[in-house]
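> I would like the atomic coordinates for the input below:
(chains A and B)
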Amino acid sequence: MGKKRKHSDVEVPAVKKDETAAERPKRTLLGWKDKPETQQESTGFRNREKVLVTCSRRINYRYRHLMLNLVSVLPHCKKDNKVESKATKGATLNELVELKSCSSCLFFECRKHKDLYLWMSKCPNGPSVKFLVNAVHTMEELKLTGNHLKGSRPLLTFSSNFDKDPHWKLLKEMITQIFGTPKEHRKSKPYHDHVFVFSIVDDHIWFRNYQISCPHTGADKIDRGGLEKMTLIEVGPRFCLNPIKIFGGSFGGPTLYENPFYVSPNQIRSLEKRQKAGKYAKKVKAKTRRKMHEMTNPLETDEFADMWKE
Amino acid sequence: MAVKKPSPKLLETMPEDLDMGPSESDPETESGSESESESEGDEDVKLAEPSKTAIYNKEGILDKLGDISWPDDVEWIHKLSLDIEQEQEVDVNDDLARELAFYTQALEGTRQAFTKFQAMGLPFLRPSDYYAEMVKTDTHMEKIKGRLLSEKRRIEEAEERRKARENKKKAKEVQAEKQKERTKQKKEEIESVKKWRKQRQQSGFQGGDMGLSFENGKESDTSKKNKRAGVSPWDRSGGKAKQSGGKDRKGGGGKRKSREFRDSKYGFGGKKGMKKQNTAETTNDFKGFSKGDGFQNKKRKK
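Take a look at the predicted model:
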């Protein structure tokens, strides 16, 4: 995967500029077709990332829509059928990824029809991360009014606290590789009209997707004034990731990192139930206490007690 | 509780994983000693304190990072990633501030990216005549547009209604003021005329009574009104029929009688549909059928 580049870097952009100045490049759906592009591909780095997107059975409608939204936003992904396994989940998924010749995987696992866990892994032997997904808003919500080209390459913005800890750095690298569309992908469109936001707030990774809208004349002619008038409109989807564990292998392997603040949603629910259950026991205890208290301190006989008796 | 269980299992699988051998021991020792002290506390401690038994294998993580990351001299154009400085800590629960922070991060990123693209001479934004498949369908965008428009209309309508209400209030006030002014004016004018007349009288003017019509007219107005207002429901004449009070006041009230007689005959108002119907008294009254009696009002009480 890691091919070291030779010094062909420097020459290539210069060549490109000459070509565009000399003749008018052909404009196709895939962008501006230039002659020297073919030469560039053979040397140098080529992003051959392919993401397999699957989910487990019994997934909720909201999470299914989220998965479909992600499929439409990432042109370099492949959507596969539902994965049925329970015990040998890791092995099945690894095999599936190999079969489809993908290099990474996004697996949506829905538990108890309520909680969504997202597995993000680099296959075949890369690290994998398990997240708990909260605060899901899909693209179909009418309040998210933006729209962008299907398959255009996104700009990825990360907040600066991704560089503070090693586990955040690892996550940042994985996100860059999985969510960034490869440069000359078949299904990618030329211009850049949307931007992803990955931001760490309160130890959660928040994801937002905005459309870049700016009044401009040409594809690359924006004056200073236009830059100021640039606005962002939210396209969606929106979600919040809570990292649970980072594993050394793909869907398994040694645990490299555990989130100390993570409490599973099952635990939270059981806690709440336990608190509610305590109510009745407390009431019974209070009653017996009251009885004992009354027995130990008897009331004085009331002189008016017999007044209304016949 | 669930956190502690995986760690002993991992210790068993350790010999199989050759990479993690030396590095695994460090976090284990530090978490091991603390876990014993925290073992009872762990049951009760929930979200407030972090669990101390969490594994954090920094070297392993950095190893893996080195494995998967792309070579360092990959051009930025492949990654398209930007790091944005976050100035202040954002409170998670404050929705508006949080979203604003994300928005500013995205905006800042876009601006930086744009400058880079301009430096490289590559196209950045989509031209307005470039039509291609979008991520949301056209029908969906129509729905969004419809919703936005209806919201706008609702807001505008509310505004208009509020404005109309306020205008009405104002108009009423203005009207009331105008009315007051008019009555005041009227009063003043009448007063001034009275004064003038008094003066003329005093200065020995010998004109006839100018009719005192407006002095009297005011009273008769009110009396007429009262008569009409105090009409009893069984009175089919609508208050026009006169009592025999007119007989008593012959001399001084002669003029008034004639005025009121004429009012009851020719005046307007009174009950709506009973003008051509018989009352109890007039049923058997055939007086009006003699000749020359056409100008006697049947409804007048005799």
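> which SS state does the closest residue to residue A:81 other than its chain neighbours fall under?
What sits nearest to residue A:81 in space, not counting adjacent residues and going by C-beta to C-beta, 6 or more residues apart in numbering or on different chains, is residue A:54, at 7.1 Å. C-beta coordinates here come from the backbone N, C-alpha and C atoms, glycine included. Reducing the assignment at residue A:54 to three states with DSSP: H, G, I helix; E, B strand; the rest coil gives strand.
> For residue A:54, report the pLDDT, please.
For residue A:54, the pLDDT comes out at 91.
> do the one 5 residues further on as well
Reported pLDDT at residue A:59 in the predicted model: 89.
> And the residue of the stretch 201-302 of chain B that's closest to chain A?
Proximity to chain A, evaluated over the stretch 201-302 of chain B using C-beta to the nearest C-beta, is greatest for residue B:233 at 58.4 Å.
> quick one: that residue is in a helix?
No. Checked against three-state DSSP, residue B:233 lies outside a helix; its state is coil.
> returning to that earlier point: tally up the residues packed near the residue nearest to residue A:81, please.
Neighbour count of residue A:54, defined by other C-beta atoms under 10 Å in any protein chain shown: 21.
> again with the one 4 residues further on
As a burial measure, the neighbour count of residue A:58 was computed by other C-beta under 10 Å and equals 10.
> so where is chain A shaky, pLDDT-wise?
Across chain A, the ranges flagged by pLDDT under 70 are A:1-26, A:28, A:30-43, A:85, A:87-88, A:216-226.
> still on that earlier bit, now the residue nearest to residue A:81, which residues is it bridged with?
residue A:107 (DSSP bridges).
> pull the longest helix from chain A.
Using DSSP state H, we find that the single longest helix of chain A is helix A:265-296.
> Could you verify my assumption that the residue nearest to residue A:81 touches residue A:79?
Yes. Using C-beta atoms under 8 Å, residue A:54 makes contact with residue A:79 at a distance of 7.4 Å.
> So which elements touch the longest helix of chain A?
Contacting helix A:265-296 under the criterion 3 or more C-beta pairs under 8 Å, 6 or more residues apart in numbering or on different chains; DSSP states H and E is no other helix or strand.
> Residue B:70 contacts residue A:180, correct?
No. Counting by C-beta under 8 Å, residue B:70 stays clear of residue A:180, with 10.4 Å between them.
> More neighbours: which of the two?
The residue with more neighbours, out of residue B:70 and residue A:180 and counting by other C-beta under 10 Å, is residue A:180; that gives 21 against 17.
> what separates that one from residue A:195, distance-wise?
For residue A:180, the distance to residue A:195 (C-beta to C-beta, to the nearest Å) stands at 12 Å.
> ok, now residue A:70?
16 Å.
> could you measure residue B:195 against chain A, distance?
74 Å (C-beta to the nearest C-beta, to the nearest Å).
> Now name the helix or strand holding that residue.
Under the criterion DSSP states H and E, the helix or strand holding residue B:195 is helix B:138-202.
> buried sites along stretch A:46-63?
Residues of stretch A:46-63 classed as buried under the neighbour-count rule (16 or more other C-beta atoms under 10 Å in any protein chain shown) are A:47, A:49, A:50, A:51, A:52, A:53, A:54, A:55, A:56, A:59, A:60, A:63.
> Could you list the low-confidence segments of chain B?
For chain B, the stretches flagged by pLDDT under 70 are B:1-52, B:205-231, B:237-257, B:270-271, B:288, B:290-298, B:300-302.
> Next one: the residue in the stretch 151-300 of chain B that chain A sits nearest to relative to residue A:143, how far apart?
Minimum separation of the stretch 151-300 of chain B from chain A (C-beta to the nearest C-beta) falls at residue B:151, amounting to 10.0 Å. Counting by C-beta to C-beta, the gap between residue B:151 and residue A:143 amounts to 10 Å.
> where exactly do the strands run in the chain?
Just going to use chain A. Remark: strands assigned in chain A by DSSP state E are A:26-28, A:31-33, A:51-55, A:77-79, A:104-111, A:115-122, A:128-137, A:155-159, A:194-201, A:204-213, A:231-234, A:238-249, A:252-258.
> meant chain B actually
Listed in chain order, the strands found in chain B under DSSP E are B:81-84.
> picking up where we left off before, pick the most deeply packed of the strands of chain A.
Among the strands of chain A, judged by mean count of other C-beta atoms under 10 Å in any protein chain shown, the one packed with the most neighbours on average is strand A:155-159 (a mean of 25).
> could you give the angle of it to strand A:204-213?
140 degrees (axes from the mean of the first three to the mean of the last three C-alpha atoms, to 10 degrees).
> Can I get strand A:155-159 in PDB, CA atoms only?
Included here for strand A:155-159 are C-alpha records, laid out as PDB according to Å, rounded to 0.1, in the frame of the first residue of the first chain:
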ATOM      1  CA  LEU A 155     -13.300  18.400   1.900                       C
ATOM      2  CA  LEU A 156     -12.600  16.900   5.200                       C
ATOM      3  CA  THR A 157     -12.200  19.200   8.200                       C
ATOM      4  CA  PHE A 158     -10.900  18.000  11.500                       C
ATOM      5  CA  SER A 159     -10.900  19.900  14.700                       C
END
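> Is that strand in proximity to chain B?
Yes. Using C-beta under 8 Å from any C-beta of the partner chain, strand A:155-159 reaches chain B at A:155, A:156, A:157, A:158, A:159.
> Between these, which sits nearest residue B:89?
Proximity of the residues of strand A:155-159 next to chain B to residue B:89 was ranked by C-beta to C-beta; the top entry is residue A:159 with 11.2 Å.
> Could you check how far the closest residue to residue A:118 other than its chain neighbours is from chain B?
In space, and not counting its chain neighbours, residue A:118 is closest to residue A:131: 4.5 Å by C-beta to C-beta, 6+ apart. Between residue A:131 and chain B the distance, using C-beta to the nearest C-beta, works out to 16 Å.
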